[in-house]
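Engineer: got a predicted structure here, sequence first:
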Amino acid sequence: MSFLVKTTDCHHLSSTAMAMCSSFCPHLPNHFGGRPAYSFPTKPLSFSFKAFTSQASNASSKDELPTRVGFLGLGIMGSPMAQNLIKSGCDVTVWNRTKSKCDPLISLGAKYKPSPEEVAASCDVTFAMLADPESAVDVALGKHGAVNGMSSGKGYVDVSTVDGATSKLISGHIKSTGASFLEAPVSGSKKPAEDGQLIFLTAGDKSLYEIAAPLLDVMGKSRFYLGDVGNGAAMKLVVNMIMGSMMASFSEGLLLTEKIGLDPKVLVEVVSQGAISAPMYSVKGPSMIQSLYPTAFPLKHQQKDLRLALGLAESVSQSTPIAATANELYKVAKSHGLSDEDFSAVIEALKPKLQQ
Ligand SMILES: NC(=O)C1=CN([C@@H]2O[C@H](COP(=O)(O)OP(=O)(O)OC[C@H]3O[C@@H](n4cnc5c(N)ncnc54)[C@H](OP(=O)(O)O)[C@@H]3O)[C@@H](O)[C@H]2O)C=CC1
Ligand SMILES: O=CCCC(=O)O
């Protein structure tokens with residue numbers, strides 16, 4: 001396993017890597033320049049940019065470096081991620097099931113293709129940010145799916161949160177075309193996506209990881225390479241399993257505080273100063289107290305992640321009673337029409353009117 005955190009400059013990158021960054025996205029050095037400093041021990045990245053271009057069916061000289069990036073799925077996460085790629089100077093082609101969501105990106109300079117197949121065919125690296133396993137499979141492998149546009153020298157990077165089996169299925173089909181596959185689900189929500197501060201949990205073809213690294217660095221603050229396909233998906237599910245339980249527990253605390261006559265706003269402040277402090281509590285607590293749930297991470301996706309994490313735990317006979325209980329609460333919240341609210345709306349499932 002290896003990981004890398006964004007730095008203020010590109011001094012940690014080899015000159016080859018820098019050349020590659022600039023080739024993907026001409027404005028990358030400036031983009032890196034404004035970021036917060038982190039230092040970390042990491043192996044120097046060895047980019048195989050030339051190797052990649054030599055495999056590309058449409059790259060015949062150094063002047064035709066693979067600069068074309070596809071983006072499939074422009075929801076809460078995909079839109080800002082694609083937007084950051086465009087702003088950093090990448091040549092981005094977008095597709096979304098609901099076409100109108102492409103329009104703001106087209107205004108920013110993105111190209112549009114009417115199917116995932118056509119995006120993949122016209123791009124060197126194609127990202128997919130889709131709702132769930134079903135949509136990830138549909139877009140990759142369905143009629144006019146991305147797989148039909150893939151070929152040797154191209155790469156498919158699935159950043160959706162899915163289970164390992166789904167990721168392996170997609171990987172198998174993509175690789176059968178001669179293309180490379182990387183799973184790269186993200187930790188971090190709407191605001192980190194807007195700010196280019198996501199955390200990528202990647203696994204799959206190491207060569208594609210290295211090729212995609214400058215693009216991941218435009219969209220994120222750090223990236224982990226975890227080995228075989230399935231490991232990135234599994235890590236993401238474990239993280240979100242913990243998060244779902246934390247939110248359910250926090251919800252109980254807020255409601256109990258209020259019921260015993262204490263001020264839940266004070267609870268949020270106390271929690272923020274102690275060992276269990278987490279940005280999630282400080283960010284979401286004040287709106288939860290007002291019963292407001294502006295959507296950053298849809299509740300339906302949190303429940304999907306708990307469901308998939310429970311399946312993962314089951315597959316290795318690991319007991320996860322807390323996550324299982326939390327999952328039930330999210331299911332109750334969903335059944336009361338809260339699917340598209342933020343996942344912090346799970347607190348509603350603990351209020352008497354919803355418990356009947
Ligand atoms: N929001 C968050 O905070 C985070 C979300 N994630 C994960 O990222 C992924 C995307 O999340 P998010 O952007 O919030 O979700 P959204 O619900 O906002 O977007 C989902 C995207 O998937 C598309 N889609 C859904 N079903 C289909 C289908 N059958 N065929 C084609 N496209 C489909 C939607 O298209 P359309 O616009 O047409 O509906 C949309 O582009 C999920 O896997 C989620 O778990 C990961 C980290 C954080
Ligand atoms: O999958 C969603 C994760 C949300 C977050 O990490 O804040």
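Structural biologist: That came through, no problem. Ligands and ions are numbered 1, 2, ... in the order given.
Engineer: taking the protein, what residue is nearest to ligand 2?
Structural biologist: Residue of the chain nearest ligand 2, by Cβ to the nearest ligand atom: residue 189 (3.7 Å). C-beta coordinates here come from the backbone N, C-alpha and C atoms, glycine included.
Engineer: in the stretch 1-150 of the chain, which residue sits nearest ligand 1?
Structural biologist: Closest point on the stretch 1-150 of the chain to ligand 1, by Cβ to the nearest ligand atom, is residue 75, at 2.0 Å.
Engineer: how close does that residue sit to residue 255?
Structural biologist: 30 Å (Cβ to Cβ, to the nearest Å).
Engineer: same thing with residue 307?
Structural biologist: 24 Å.
Engineer: tell me what the top helix by length along the chain is packed against?
Structural biologist: The longest helix of the chain (DSSP state H) is helix 231-259. Where contact means 3 or more Cβ pairs under 8 Å, 6 or more residues apart in numbering; DSSP states H and E, helix 231-259 is packed against helix 164-175, strand 186-187, strand 198-204, helix 264-273, helix 279-289, helix 299-315, helix 321-335.
Engineer: and the residue of the stretch 1-150 of the chain closest to ligand 1, which of the three is it?
Structural biologist: When classified by DSSP: H, G, I helix; E, B strand; the rest coil, residue 75 comes out as coil.
Engineer: residues contacting it?
Structural biologist: Shown in contact with residue 75 (Cβ atoms under 8 Å, 6 or more residues apart in numbering): 96, 101, 129, 131.
Engineer: farthest pair in the residues you listed?
Structural biologist: 101 and 131 (12.8 Å; Cβ to Cβ).
Engineer: what about the two, which has more around it?
Structural biologist: residue 131 (21 against 16; other Cβ atoms under 10 Å).
Engineer: from residue 129, how far out is residue 294?
Structural biologist: Distance from residue 294 to residue 129, by Cβ to Cβ: 20 Å.
Engineer: neighbour count winner among the two?
Structural biologist: For residue 294 versus residue 129, neighbours defined as other Cβ under 10 Å are more numerous around residue 129 (27 against 10).
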